[in-house]
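# Structure for this input, please:
(one chain, ligands or ions: 4)
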Amino acid sequence: MKCRVCRGPAVIDIRRHNAAFCGDHFVTHCREQVKRAVHEHKMMDPAERVLVAVSGGKDSLALWDLLTDLEYAAEGLYLGLGIDGYSDESLQHTRAYASSRGLKLHEVDLGQDDGFTIPVAASVTHRAPCGACGLSKRHLFNSFARDHGYDVVATGHNLDDEAAVLLGNVLRWETGYLGRQHPVLPTALGFVRKVKPLIRLGEREMAAYCVIRGIDYQVEECPMAEGNRHLGYKEVLNALEDRSPGAKAAFVFGFIDRAHPLFSTSADEERAALGACESCGSPTTTGSLCAFCRLQERAASAPEAAE
Ligand code: AMP
Ligand code: FES
Ligand code: ZN
Ligand code: ZN
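Ligands and ions are numbered 1, 2, ... in the order given. Next up is the predicted model:
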């Protein structure tokens, strides 16, 4: 296996591109893919202040690394979710990376700053923790960015993540979610723009990127996400990709180019009908209190919250 660029020994092959790369040229390839995604979807420009949501996992650390090398002024935000045996370790990985590169990292701790943790939220809602977790992350990424004057929030969602979410949305014809599934969600009243610059790169590529760049990331997956539907969708998509390399990319990029516009009207209408939460000022469609403030209220009254 030889590098497509220099013909030296390759360290990774990417079947959907029908190409293999040596370490250096693979890093260049990843930068080019991020540049292309940013440009194609007009995600941001170099003068803007970028907040990268960093979990300590491979994707978000690689994203921070790539954006910094592409000369974006990117600061990190880590959210402590209060998950035993997982959150502490992911924070250590995030801090170690930030200090090794001299980057500014902000930390928000859900338990200390908002009065509840994800395990408590999951027990009061009697639902899978990922629902309360996703809601809290979206809320806090946005409110932190808005309150601190960032122009854009970048997350480490990669091609595999987007393909799995898309498959889930299509299987249930969630037209509202399909309208909101896009690598760029524009700035709107109360919302800071959200972007996914890793949309052109897969999970395996991000792991290889971290190894090549010497980035020590949290390898363990979240223990609370076990049995999560998306993990099953990823397996199905990997089997498809194995048979026909490029299937995932065709699925996701075909959706973005040709199908998303068919669903975006309902998302636009929803945005136009947003009100402001009476407690925190965040945008909401659900009445006087936003979903995050309601969750916080319920969690505060739960016996577990006092523990
Ligand atoms: P996940 O929802 O866990 O698949 O994560 C998707 C993206 O959300 C990651 O790539 C990060 O950008 C961001 N993210 C997830 N967990 C955290 C966290 N605890 N703190 C900050 N950002 C996070
Ligand atoms: Fe959200 Fe595990 S990271 S439930
Ligand atoms: Zn090479
Ligand atoms: Zn609120």
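# Every contact and neighbour count from this point should use C-alpha atoms.
Fine.
# quick one: the helices in the stretch 1-150 of the chain?
Remark: helices assigned in the stretch 1-150 of the chain by DSSP state H, counting those that start in this stretch are 23-40, 58-69, 87-101, 118-125, 129-147.
# most neighbours per residue, which of these?
Across those, the average number of neighbours (mean count of other Cα atoms under 10 Å) peaks for helix 58-69, which reaches a mean of 23.
# how far does that one sit from the chain's center?
The gap between the average C-alpha position of helix 58-69 and the chain average comes to 12 Å, counting by Cα atoms, centre = their mean, to the nearest Å.
# Just the mean pLDDT for the longest strand along the chain, thanks.
For the chain, the strand with the greatest residue count under DSSP state E is strand 73-80. For strand 73-80, the mean pLDDT works out to 97.
# now the angle between helix 87-101 and that strand, please.
Relative orientation of strand 73-80 and helix 87-101, computed by axes from the mean of the first three to the mean of the last three Cα atoms, to 10 degrees: 160 degrees.
# Strand 73-80: partners in the sheet, and parallel or antiparallel?
Its sheet considered, strand 73-80 pairs with strand 49-53 (parallel), strand 105-109 (parallel) by DSSP bridges.
# Is it possible to get TSV of those strands that adds mean pLDDT, distance to L81 and mean neighbour count?
Converted to TSV, those look like this (pLDDT from 0 to 100; distance: least, Cα to Cα, whole Å; neighbours: other Cα atoms under 10 Å):
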stretch	mean pLDDT	distance to L81	mean neighbour count
strand 49-53	98	13	24
strand 105-109	98	7	16
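# With respect to ligand 4, which of those strands lies nearest?
Of all the strands paired with strand 73-80, strand 105-109 sits nearest to ligand 4, with 16.5 Å by Cα to the ion.
# got the angle for the closest one vs helix 129-147?
In terms of direction (the same axes, to 10 degrees), strand 105-109 departs from helix 129-147 by 130 degrees.
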